[in-house]
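Peer 1: Show me how the following folds:
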Amino acid sequence: MNKLNSIVLAFLVCIIASCAKQSTPMGGPVDKDPPKLQESFPKNETLNIKPEKLTLIFDEYVKLDNPSKGIVITPRIKKDEVIFSSNKNTITVELNQELEENTTYVFDFQKAVVDISEENPAENLKLVFSTGNSIDSLTLEGKVNYLFPDSRLEYKNVLVGVYPIGDTTDIFTGAPYYLSQVDSSGNFKISNIKNGSYFAYAWNDENGSIKAEYKSEAYDFLLDTLHLEQNLSNLEFNLSKADFTPIRILRTGNYGRNFDVILNKNPVSIDIKNESKQIDYQYNTSDKRIRIYPKNSITDSTQFSIQLTDSVGFKIDTLIWAKFPESERKPDKLTLSANSGRNFYRQMEMELTFNKPISKINTDSLYVQYDSAGIIRIEQSMFHFTDSARRDLLKISLSIPDSISKEIFTLKAADSTFLDWENQYNEAVLSANYKKIKRESLADEIAGTIIGASPPYIVQLMDSKGTVSRELFIPTGNTYSFKLLEPGNYKIRVIEDLNGNKRWDPANFTQRRKAEPVFYYTNPETKNELVIRAGWTLTDQIITKSKEN
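Peer 2: Prediction:
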């Protein structure tokens with residue numbers, strides 16, 4: 001009997017233990033299917049309707065992902081009055097406004113509706129209806145590019161919009177009438193447009209305001225009015241940034257004995273003249289400031305003519321009155337920096353940048369040293385200031401003979417070598433190294449032809465980091481050549497310098513002027529790079545301006 005009881009007890013323990021044992025339940029497969037629309041009110045492409053709200057019913061529970069930005073509604077409505085909500089398998093859009101007569105409305109949900117479990121977005125989810133008796137069906141499509149693309153090129157915030165002729169808003173002041181989000185490759189399509197005449201724009205809407213920020217966001221526009229009577233394709237936009245604020249003088253005043261002109265932005269060209277020629281002066285610029293340095297103090301006011309141009313072509317041409325009194329304010333110390341670390345072959349090119357204009361250079365203490373005993377004196381014929389009215393950028397060019405076999409050459413300047421316009425000497429010594437390269441380590445040449453554009457050109461050779469290592473200005477002809485290059489991977493950029501001012505000019509919206517075209521050497525097999533090694537020559541490298549540029 002005891003034995004039987006023991007067997008029964010053991011059996012019961014095993015059953016209890018088995019029941020109590022925890023195990024991981026077997027899960028089903030991951031839900032990869034997007035939610036599917038089963039029903040909507042109104043139904044897609046319904047005519048003669050002005051709904052107060054839209055209702056969409058799906059085959060599973062859904063939610064909204066940033067609907068205010070992710071859902072594109074065209075034509076333009078008061079989106080801040082629209083209320084988006086989700087409940088189980090239903091999405092509701094309350095419009096809270098009167099819709100226009102005889103207008104086709106498109107609600108493009110893009111990826112804003114996702115399922116609850118895995119956040120799979122609904123695909124190709126659009127709801128179209130008309131307040132009139134027909135559906136507008138015209139389309140615009142094309143491509144958006146960047147004139148100066150970076151290594152992490154993204155289109156996720158790029159929009160294309162059109163405004164009817166006569167609209168009181170534009171890309172900088174209000175949302176467009178019709179709108180499209182650009183896909184990951186830069187392509188766009190705007191559908192269900194009413195016939196009419198429109199202006200078209202594209203911009204990188206980084207802050208999600210549905211309009212362009214004229215100081216910080218890249219944009220472009222089409223010069224020609226679009227008279228839309230049939231579908232249009234192959235439209236092209238080339239985005240670039242430009243501070244569209246007209247240049248202004250904010251204030252003027254003395255800084256010690258000097259005179260400052262404070263601006264709202266930096267100019268690209270400056271012309272300052274003393275009309276009476278009463279004073280010997282120099283000037284320089286720093287961040288949004290022009291400082292005029294007199295050689296001597298004067299108590300009477302003197303008149304200056306100032307002509308300024310900003311990067312988008314806005315200009316100032318005005319007169320100011322300035323005084324240069326004695327001052328107890330101690331002048332700023334003179335500082336300088338050099339473009340050290342550069343490599344060279346035979347011709348050693350050095351640049352010295354000063355914080356103030358220079359009045360005198362003591363060449364006795366300015367030299368290049370290549371060993372403990374070997375020095376080369378810098379003579380006046382070897383240097384020049386890039387602007388005689390500013391004298392704050394000094395360029396020194398020195399030929400190094402092949403007979404000197406050393407590799408490192410050091411530009412040296414003792415203290416008190418440079419005297420500035422305020423009679424201040426440099427206190428710190430300068431020591432800047434430059435490396436001489438052997439001829440056999442250099443590539444011979446990259447050369448070629450530019451096709452499909454007109455000179456003058458600015459041709460830029462960029463290294464693997466995107467830094468411009470060489471630049472050519474080509475006033476006539478269509479050939480280019482870069483000789484004696486360090487081996488490496490290069491890209492070539494061409495600017496069609498339409499006005500010949502030797503710089504790239506961005507777009508000016510109010511003047512209806514497009515940005516100057518920019519295009520690149522292309523070769524998909526080499527990722528648009530030119531690879532060159534020591535002793536190599538690459539000729540017949542053709543750079544073609546495509547129609548979109």
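
Peer 1: The stretch 151-300 of the chain: helices as residue ranges?
Peer 2: Ranges of helices in the stretch 151-300 of the chain, per DSSP state H, counting those that start in this stretch: none exist.

Peer 1: And the residue positioned nearest the centre of the chain, how close does it get to Asp220?
Peer 2: By C-alpha atoms, centre = their mean, the chain has its centre lying nearest to Lys241, at 5.2 Å. Counting by C-beta to C-beta, to the nearest Å, the separation of Lys241 from Asp220 is 11 Å. (Glycine included, C-beta is placed from N, CA and C.)

Peer 1: neighbouring contacts of the lengthiest strand in the chain?
Peer 2: In the chain, with assignment by DSSP state E, the single longest strand is strand 298-309. For strand 298-309, contacts defined as C-beta atoms under 8 Å, 6 or more residues apart in numbering pick out 247, 249, 261, 263, 267-276, 278-279, 290, 292, 315-325.

Peer 1: Sitting in strands, which of these do you find?
Peer 2: Using DSSP E, those in strands are 249, 261, 263, 269-274, 290, 292, 315-324.

Peer 1: okay, the residue lying closest to Tyr198 once chain neighbours are set aside: pLDDT?
Peer 2: Leaving aside its chain neighbours, Tyr198 sits nearest to Val162 (4.2 Å; criterion: C-beta to C-beta, 6 or more residues apart in numbering). Looking at Val162, its pLDDT is 96.

Peer 1: Is Val162 bridged to anything, and to what?
Peer 2: Under DSSP bridges, the beta-bridge partners of Val162 are Tyr178, Ala200.

Peer 1: and the nearest residue to the residue nearest to the centre of the chain once chain neighbours are set aside, what does it touch?
Peer 2: The shortest distance from Lys241 to any non-neighbouring residue, by C-beta to C-beta, 6+ apart, is to Ala218 (4.7 Å). If you count contacts by C-beta under 8 Å, 6+ apart, Ala218 has them with Tyr146, Trp203, Asn204, Leu239, Ser240, Lys241.

Peer 1: which of these tops the neighbour count?
Peer 2: Compared across those, Trp203 has the highest neighbour count, 26 neighbours, by other C-beta atoms under 10 Å.

Peer 1: low-scoring stretches of the stretch 1-150 of the chain, by residue?
Peer 2: Low-confidence segments of the stretch 1-150 of the chain (pLDDT under 70): 1-29.

Peer 1: Go again with 80.
Peer 2: Applying pLDDT under 80 to the stretch 1-150 of the chain flags residues 1-31.

Peer 1: Which residue ranges of it form helices?
Peer 2: For the stretch 1-150 of the chain, applying DSSP H, counting those that start in this stretch gives helices covering 2-20, 67-70.

Peer 1: Show residues contacting stretch 338-355.
Peer 2: Residues from elsewhere that reach stretch 338-355 (C-beta under 8 Å, 6+ apart): 284, 286, 332, 334-337, 368, 391-400, 402, 409, 411, 418, 420, 430, 432-439, 442, 484, 486.

Peer 1: Just the ones of the residues you listed in strands?
Peer 2: Residues of these located in strands (DSSP E): 284, 286, 336-337, 368, 393-399, 409, 411, 418, 420, 430, 432-436, 484.

Peer 1: Kindly report the domain assignment for the chain.
Peer 2: Following automatic domain parsing, the chain resolves into domains at 37-130, 138-239, 249-324, 336-437, 440-544.

Peer 1: starting at the chain centroid, how far to the third one?
Peer 2: The reference is to domain 249-324. Distance, stretch centre to chain centre, for domain 249-324: 30 Å (C-alpha atoms, centre = their mean, to the nearest Å).

Peer 1: distance between the ends of it?
Peer 2: Domain 249-324 has an end-to-end distance of 19 Å (C-alpha to C-alpha, to the nearest Å).

Peer 1: mean confidence for it?
Peer 2: Taken as a whole, domain 249-324 has a mean pLDDT of 93.

Peer 1: One more: the last one?
Peer 2: The average pLDDT within domain 440-544 is 95.

Peer 1: Most widely separated two among the contacts of Ala218?
Peer 2: Spatial extent of these (C-beta to C-beta) is set by the pair Tyr146 and Trp203 at 11.7 Å.

Peer 1: what do the two both touch?
Peer 2: Ala218, Leu239.

Peer 1: ok so, going back, separation between the residue nearest to Lys241 and Pro149?
Peer 2: Counting by C-beta to C-beta, the separation of Ala218 from Pro149 is 10 Å.

Peer 1: now Glu275
Peer 2: Distance, Glu275 to Pro149, using C-beta to C-beta: 47 Å.

Peer 1: Might you report the residue contacts of Asn207?
Peer 2: If a contact means C-beta under 8 Å, 6+ apart, then Asn207 has Glu213, Glu217 as its contacts.

Peer 1: pLDDT at it, what is it?
Peer 2: If you check Asn207, the pLDDT there is 89.

Peer 1: rewinding a little: distance of the residue nearest to the centre of the chain relative to Gly142?
Peer 2: Per C-beta to C-beta, Lys241 is found 21 Å from Gly142.

Peer 1: cool, Gly374 as well?
Peer 2: 63 Å.

Peer 1: which of those two has more neighbours?
Peer 2: Counting neighbours by other C-beta under 10 Å for Gly374 and for Gly142 shows that Gly142 has the greater number, 22 against 11.

Peer 1: Quick check: that one touching Asn231?
Peer 2: No: Gly142 lies out of contact with Asn231 (C-beta atoms under 8 Å); the separation is 11.4 Å.

Peer 1: picking up where we left off before, let's have the domains of the chain in a markdown table, adding distance to Asp31.
Peer 2: What follows is the domains of the chain, written out as a markdown table (distance: least, C-beta to C-beta, whole Å):
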| stretch | distance to Asp31 |
| --- | --- |
| domain 37-130 | 5 |
| domain 138-239 | 24 |
| domain 249-324 | 52 |
| domain 336-437 | 57 |
| domain 440-544 | 38 |
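
Peer 1: Quick check: which of the ones you listed is nearest to Val30?
Peer 2: Of all these, domain 37-130 sits nearest to Val30, with 6.5 Å by C-beta to C-beta.

Peer 1: Pull up the distance across the closest one, start to finish.
Peer 2: End-to-end distance for domain 37-130: 20 Å, by C-alpha to C-alpha.

Peer 1: Please apply the same query to stretch 321-338.
Peer 2: When the termini of stretch 321-338 are compared using C-alpha to C-alpha, they are 35 Å apart.

Peer 1: how about the strands in the stretch 401-549 of the chain?
Peer 2: Per DSSP state E, counting those that start in this stretch, the stretch 401-549 of the chain carries strands over the ranges 408-413, 418-420, 430-436, 443-451, 457-462, 468-474, 479-485, 488-496, 518-520, 530-532, 537-544.
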